[in-house]
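Undergrad: curious how this folds, go ahead:
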Amino acid sequence: MRLFSIVIPVYNRPDEVKELLESLTKQHYSNFEVLIIEDGSKDTCESIVTSFSEHLDIHYYFKENTGQGFTRNYGFERAKGDYYIVFDSDCLIPADYLTEVNAFLDTNPVDAFGGPDKAHESFNTLQKAISYSMTSPFTTGGIRGNKKHVGRFHPRSFNMGISKAVFEKTGGYKLTRMGEDIEFSIRIINADYKTALIPNAFVYHKRRTSLGQFYKQLHFFGRARVNVNRYCKGELKPVHLLPLVFFLAFWSWLSTPYWYYPLFKVGAVLVGFYYTAIFLDSLIKNKNLKVAFTSILTSFVQLYAYGMGLISEVISPRGNQPFAQK
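TA: Numbering: from 1, shown residues only. Got it, this is the predicted structure:
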């Protein structure tokens, strides 16, 4: 019976950890351990973790702040499982998650895997709209967790599993932030390990709870994609530039001189069709008018922020960090 080690890096988010651990107590598959790695937090979750000690095989560690990538490595080094699974602290895990993963591995013995993310029925309107825009075919979010993804599947660390052998061979994350999971997935694939999407191994991802936080997160994602391309040439592909095209087209449209009004009008019609499609698609999927209308706003913020992040990292690089020293 496989032992799974669930590694969760945490930074100043005790309330999220409590919800995540509550969801893990409901797992149908019981052979797993949980490692909570506190990454130098001031607002720690140690007391919350302790309160679950009778319900979970759980271990708490506190370390200096080094970022999420190296914090996951810290957990991997202390894990005992056959497979290491990473979740973000703002996820809720369905009761049959590990059952689905274990059954998949029985028939598909892969070295690394991941799953999609969805919105839980308890999420508020904004959280559901953000979940839609991050997974919609009308935005760049549709690339991730899609059954019809192009090429080999690249697991992402909000919902990612690797075998013990993968960690021992690769050394884990070599970057600690700014696209660290993308770079890690690329190295896993380049080492000729098998990867797979497990469609039924999804998590409920709460993401950010305000538009301002969501903007900052997507702006960071845009910068991260440029940073990854510094280490893995060719990973900044045309599909990743679509938000940049959106950003430039948006400002070109707003800047259209008044004597080119017909051109401005054409742009307005195209924008109208695009966001009508987003509204209708979200309405069909969420069956909620408020979520559908809010999806228009979150989709705009997502594309604009990501495009702005791409430009920002090219003009004023902040990534370009060194690899971890082993």
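
Undergrad: what segments of the stretch 101-250 of the chain are strands?
TA: In the stretch 101-250 of the chain, the strands defined using DSSP state E, counting those that start in this stretch lie at 112-114, 117-118, 159-163, 195-197, 203-205.

Undergrad: for the fourth one, name the packing helices and strands.
TA: It stands for strand 195-197. The contact analysis (3 or more C-beta pairs under 8 Å, 6 or more residues apart in numbering; DSSP states H and E) places strand 195-197 against strand 112-114, helix 180-190. Placement of C-beta: from N, CA and C, glycine included.

Undergrad: which helices and strands does the shortest one pack with?
TA: Spelled out, that is strand 112-114. Packing contacts for strand 112-114, counted by 3+ C-beta pairs under 8 Å, 6+ apart, involve helix 97-107, strand 159-163, strand 195-197.

Undergrad: can you rerun that using 6 Å?
TA: strand 159-163 (3 or more C-beta pairs under 6 Å, 6 or more residues apart in numbering; DSSP states H and E).

Undergrad: just the mean pLDDT for the strand it packs on, thanks.
TA: Across strand 159-163, the average pLDDT comes to 97.

Undergrad: listing partners with orientation, what would you give for that strand?
TA: strand 83-87 (antiparallel), strand 112-114 (antiparallel) (DSSP bridges).

Undergrad: take the strands of the stretch 101-250 of the chain and lay them out in a markdown table including mean neighbour count and distance to residue 255.
TA: Rendered in a markdown table, the data for these read as follows (neighbours: other C-beta atoms under 10 Å; distance: least, C-beta to C-beta, whole Å):
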| stretch | mean neighbour count | distance to residue 255 |
| --- | --- | --- |
| strand 112-114 | 26 | 41 |
| strand 117-118 | 20 | 36 |
| strand 159-163 | 25 | 40 |
| strand 195-197 | 20 | 41 |
| strand 203-205 | 23 | 36 |
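
Undergrad: so which of the ones you listed is nearest residue 73?
TA: strand 159-163 (11.3 Å; C-beta to C-beta).

Undergrad: got the contact list for the closest one?
TA: Residues outside strand 159-163 that contact it (C-beta atoms under 6 Å, 6 or more residues apart in numbering): 83, 84, 85, 86, 111, 112, 113, 114, 115, 203.

Undergrad: which outside residues touch the lowest-mean-pLDDT helix or strand in the chain?
TA: The helix or strand of the chain with the poorest confidence is helix 242-254; it has a mean of 86 (mean pLDDT, DSSP states H and E). Helix 242-254 is contacted from outside by 140, 267, 303, 304, 306, 307, 310, using C-beta under 6 Å, 6+ apart.

Undergrad: and stretch 199-209, by the same measure?
TA: Contacts of stretch 199-209 (C-beta under 6 Å, 6+ apart): 90-93, 97, 100-101, 115-118, 120, 127, 130, 147, 158-159, 214, 217.

Undergrad: how about it: buried residues?
TA: Under the neighbour-count criterion of 16 or more other C-beta atoms under 10 Å, stretch 199-209 has 201, 202, 203, 204, 205, 206, 207, 208 buried.

Undergrad: ok, residue 72 to residue 113 distance?
TA: For residue 72, the distance to residue 113 (C-beta to C-beta, to the nearest Å) stands at 16 Å.

Undergrad: please apply the same query to residue 276.
TA: Taking C-beta to C-beta as the measure, residue 276 falls 37 Å from residue 113.

Undergrad: now stretch 175-186, how far from the chain's geometric center?
TA: 12 Å (C-alpha atoms, centre = their mean, to the nearest Å).

Undergrad: domain parsing for this protein?
TA: 4-124+145-209, 214-315 (automatic domain parsing).

Undergrad: end to end, how far does the first one reach?
TA: With C-alpha to C-alpha, to the nearest Å as the measure, domain 4-124+145-209 spans 30 Å from end to end.

Undergrad: what's the answer for the shortest one, then?
TA: The distance separating the two terminal residues of domain 214-315, taken as C-alpha to C-alpha, comes to 22 Å.

Undergrad: please apply the same query to stretch 40-52.
TA: Using C-alpha to C-alpha, the two ends of stretch 40-52 sit 21 Å apart.

Undergrad: run through who's touching that stretch.
TA: With contacts defined as C-beta under 6 Å, 6+ apart, stretch 40-52 is touched by 10-12, 14, 17-18, 21, 36, 38, 58, 60, 64-65.

Undergrad: ditto for stretch 9-28
TA: Residues from elsewhere that reach stretch 9-28 (C-beta under 6 Å, 6+ apart): 36-39, 41, 43, 45, 48, 52, 55, 68, 71-72, 89-90, 92-93, 95-96, 98-99.
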